[in-house]
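Student: prediction below, plus the sequence it came from.
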Amino acid sequence: MTESRGERSGPFRAGDRVQLTGPKGRMHTITLEPGKLFHSHKGPIAHDDLIGLPDGSVVANQVGVEYLALRPLLSDFVMSMPRGAAIVYPKDAAQILAQADVFPGATVVEAGVGSGALSLWLLRAIGHGGRLMSFERREEFAGVARGNVATFHGYDPENWTITLGDLAEALPAQAPAASVDRVVLDMLAPWECIDVVSTALKPGGVLLCYIATVTQLSRVAEAIRATGEYTEPQSSETMVRGWHVQGLAVRPDHRMIAHTGFLLTARRLAPETVLPELKRRPSKTEFSDEDVEAWTPGALGERSVSAKALRKRARAADAAAERSRASEPVEPATEGPDEAL
């Protein structure tokens with residue numbers, strides 16, 4: 001099997017991305033090219049000095065300053081890659097893969113694609129035998145995502161497509177009825193797509209929505225319940241708190257990654273299945289469009305990325321992808337789902 005650059009192990013090779021960590025913990029990520037130099041204010045390092053070294057080596061620059069050299073993990077890559085839209089953080093990506101039960105060989109629909117962070121995690125989970133269909137309304141975001149995915153792999157994955165347009169209009173043409181195993185929606189109004197998603201999902205398939213606000217969470221949960229075609233929606237959020245551990249100085253870190261979004265999951269029922277009625281306490285479920293608008297990112301003053309900045313980031317992603325593709329030919333693997341891991 002020919003591995004992608006993001007899945008390599010062993011000695012460093014031309015075309016590999018390498019993360020250099022200096023004596024004060026500052027990190028630099030470079031792509032190895034024979035004859036090139038990495039320059040910093042502490043002095044240069046020849047790429048040739050890194051090529052052939054084992055992963056996890058220490059290399060000194062030309063004035064004796066030592067750097068730890070490691071291949072970046074996927075979590076490192078997504079946190080440093082060019083961004084069009086906000087990324088799905090690794091803590092949420094891990095929960096998405098777990099709660100949606102994304103498996104090797106699965107057919108997965110993703111909307112929207114953003115900067116490609118979640119696409120990278122999904123591609124790794126489905127393996128070479130799976131299929132990922134991503135949908136994105138904005139061409140600029142799709143361009144950044146394509147560049148980032150190609151940079152990480154060293155080629156354009158054959159089992160991944162990006163369709164420009166609205167999911168509600170484009171999905172029926174891309175996915176026949178009951179042909180999709182998992183659907184992941186990272187969009188402002190996922191309730192607008194529930195009907196087409198319900199048609200595309202196989203019985204037992206998982207729908208997962210990544211949602212920013214409590215009002216959106218409420219609305220999509222009620223929309224899913226109203227179809228009568230899903231199990232009871234389950235919602236959660238993930239918070240990660242690091243700890244400082246040095247001798248007896250053991251305490252929580254001063255900073256933590258707290259709320260980034262809600263995850264809501266539900267499973268597609270078989271046709272004409274009726275769930276047993278659940279006993280619930282009475283609650284207010286009615287809401288108006290004004291209620292929803294009051295909690296949208298626009299109403300809350302979310303900062304948007306300018307068109308100029310998006311074009312710059314797309315060029316950066318494309319340039320990194322071209323360097324990754326050109327440095328050493330890598331052919332995508334073609335084995336089936338049982339050999340993907």
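Tutor: Nice, thanks for sending it over. Just so we're clear, the structure is a prediction, and the values are computed from it rather than from any experiment.

Student: quick one, helices of the stretch 201-341 of the chain?
Tutor: For the stretch 201-341 of the chain, applying DSSP state H, counting those that start in this stretch gives helices covering 214-227, 289-293, 307-327.

Student: for the stretch 1-150 of the chain, same thing?
Tutor: Taking DSSP H, counting those that start in this stretch as the criterion, the stretch 1-150 of the chain carries its helices at 47-50, 74-80, 90-99, 117-126, 139-153.

Student: out of the helices of the stretch 201-341 of the chain, which gets the lowest mean score?
Tutor: By mean pLDDT, the lowest-scoring of the helices of the stretch 201-341 of the chain turns out to be helix 289-293, with a mean of 64.

Student: paired strands for the longest strand belonging to the chain, with orientation please.
Tutor: Of all the elements of type strand in the chain, the one with the most residues (DSSP state E) is strand 201-211. Note on strand 201-211: by DSSP bridges, its sheet partners are strand 180-185 (parallel), strand 262-267 (antiparallel).

Student: relative to helix 214-227, how tilted is the last one?
Tutor: Using axes from the mean of the first three to the mean of the last three Cα atoms, to 10 degrees, the interaxial angle of strand 262-267 with respect to helix 214-227 works out to 10 degrees.

Student: again, but for the first one
Tutor: Note on geometry: by the same axes, to 10 degrees, strand 180-185 and helix 214-227 are set 150 degrees apart in direction.

Student: could you find the closest non-adjacent residue to A212?
Tutor: The spatial neighbour of A212 that comes closest, neighbours along the chain excluded (Cβ to Cβ, 6 or more residues apart in numbering), is G261 at 5.5 Å. Yep, even glycine has a C-beta here, placed from its N, CA and C like the rest.

Student: any weak-confidence spans in the stretch 1-150 of the chain?
Tutor: For the stretch 1-150 of the chain, the stretches flagged by pLDDT under 70 are 1-3.

Student: meant to ask about the stretch 201-341 of the chain
Tutor: In the stretch 201-341 of the chain (pLDDT under 70), the answer is 278-304, 328-341.

Student: quick one on the thing from earlier: which residues touch the residue nearest to A212?
Tutor: For G261, the contact set (Cβ atoms under 8 Å, 6 or more residues apart in numbering) comprises D92, Y210, I211, A212, E237.

Student: quick one: it and M239, what's the gap?
Tutor: Applying Cβ to Cβ, to the nearest Å, the value for G261 to M239 is 11 Å.

Student: pull up the overlap in contacts between the two.
Tutor: For the pair G261 and M239, no residue contacts each of them under the criterion Cβ under 8 Å, 6+ apart.

Student: before I go, just wanted to say thanks for your time.
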